[in-house]
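>>> what's the 3D shape of this:
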Amino acid sequence: MTYNRREQGSVHIVIIICLVLGLVTALGWIYWQNFILKEDKTSSVPVGKTDSNTNEESSAVKPAYDGLRTTSKSGAFSIKIPNGWTMLNDTATDYMTSGPSIDKLVYDAKMAPTITTAEVGGWGGPAETFMIRVSDNVSADWGELESTKFTLDDGTVAERFHTLTKKGTDSQVYGVYSDDYSQYQYVIKKPSTTVVASFASYAQTNFDLKLIENVVSSIQIAT
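Residues are numbered from 1 along each chain as shown. So this is what the prediction gives:
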């Protein structure tokens, strides 16, 4: 009788060992399927190669903005006007301008730019505006300032000037400035033509200087 009990105990131990081994085997198989095999598939692309879709996306050059390239009345230069903007192609001089206010310079990818033709009148004092014009030289006031380099999309290196008139400054002519007033000027020189892009705005106005400089970068002077 004692021998039978020992024999039954040994059978129980063998069964338990088999169950443990089966459980370990099952867990090992699950780990291999979910981690080792998956990792091998992920790293199966050879070093130095990428998926064709990923490669196409990375190699595509995306434009800074959607817009329409427009040439000035004389044909001296052209710019790419962003969607949503309203610009004026002046008939009297070689100006392209936003008019007496920059509230028309709001980017809207879904709306084609509006380009009108008319004669530009006088500004009558400090104005918020963006304009591009043909000019023989830079005014003495700007020429005395230090400039920084500004590179256009076609590789042309221009000069970039910036002035800031603080709020409360008396202009002596147009009165006291109601807010900080920034003026930017970009001078693009070619052997035959000099084009000047100007942008001016009060600090309280919500404008996108980066977009405006993208537009300036798009300037192309006719050769």
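
>>> Per the annotation, how does the chain divide into domains?
Split into domains by automatic domain parsing, the chain comes to 2-46+49-59, 67-221.

>>> mean confidence score for the last one?
Taken as a whole, domain 67-221 has an average pLDDT of 83.

>>> try the shortest one
Averaging the model's pLDDT scores along domain 2-46+49-59 yields 57.

>>> among the domains of the chain, which is the most enclosed?
domain 67-221 (a mean of 16; mean count of other Cβ atoms under 10 Å). C-beta: built from backbone N, CA, C; applies to glycine.

>>> For residue 213, see how far away residue 15 is.
In this view, residue 15 and residue 213 are 79 Å apart by Cβ to Cβ, to the nearest Å.

>>> Next: residue 20.
In terms of Cβ to Cβ, residue 20 sits 71 Å off from residue 213.

>>> need the contact list for residue 170.
For residue 170, the contact set (Cβ atoms under 8 Å, 6 or more residues apart in numbering) comprises residue 176.

>>> Torsion angles phi and psi at it?
Phi and psi for residue 170, reported as degrees, to the nearest 10, are phi -90, psi 120.

>>> beta partners of it?
Beta bridges link residue 170 to residue 176 when assigned by DSSP bridges.

>>> partners of the host helix or strand of residue 69 in the sheet?
Per DSSP states H and E: residue 69 is located in strand 67-71. With DSSP bridges as the test, strand 67-71 is paired with strand 77-82 (antiparallel).

>>> Quick one: residues in contact with the partner strand.
65-72, 87, 94, 96, 105, 107, 113, 115, 132, 134, 193, 195, 211, 214-216, 218-222.

>>> Out of those, which sit inside helices?
Using DSSP state H, the members of the contacts of strand 77-82 that fall within helices are 211, 214-216.

>>> Dump these to a markdown table, plus distance to residue 152.
A markdown table is the format used below for the ones in helices among the contacts of strand 77-82 (distance: Cβ to Cβ, whole Å):
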| residue | distance to residue 152 |
| --- | --- |
| 211 | 15 |
| 214 | 10 |
| 215 | 11 |
| 216 | 8 |
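
>>> Show me which of these is closest to residue 119.
residue 215 (22.7 Å; Cβ to Cβ).

>>> Contact partners for residue 151?
157-158, 217.

>>> beta partners of it?
residue 157.

>>> From residue 217, how far out is it?
Note on residue 151: its distance to residue 217, by Cβ to Cβ, is 7 Å.

>>> Tell me where this structure has strands.
67-71, 77-82, 86-90, 95-97, 114-118, 129-134, 148-151, 157-165, 181-189, 194-202, 220-221 (DSSP state E).

>>> my read: residue 115 touches residue 83, true?
No. When contacts are counted by Cβ atoms under 8 Å, residue 115 is not listed as touching residue 83 (11.8 Å).

>>> joint contacts of these two?
Common neighbours of residue 115 and residue 83 (criterion: Cβ under 8 Å, 6+ apart): residue 68.

>>> gap between the nearest residue to residue 150 once chain neighbours are set aside and residue 109?
With sequence-adjacent residues excluded and distances taken as Cβ to Cβ, 6 or more residues apart in numbering, residue 150 is closest to residue 160, at 3.9 Å. Separation of residue 160 from residue 109 (Cβ to Cβ): 27 Å.
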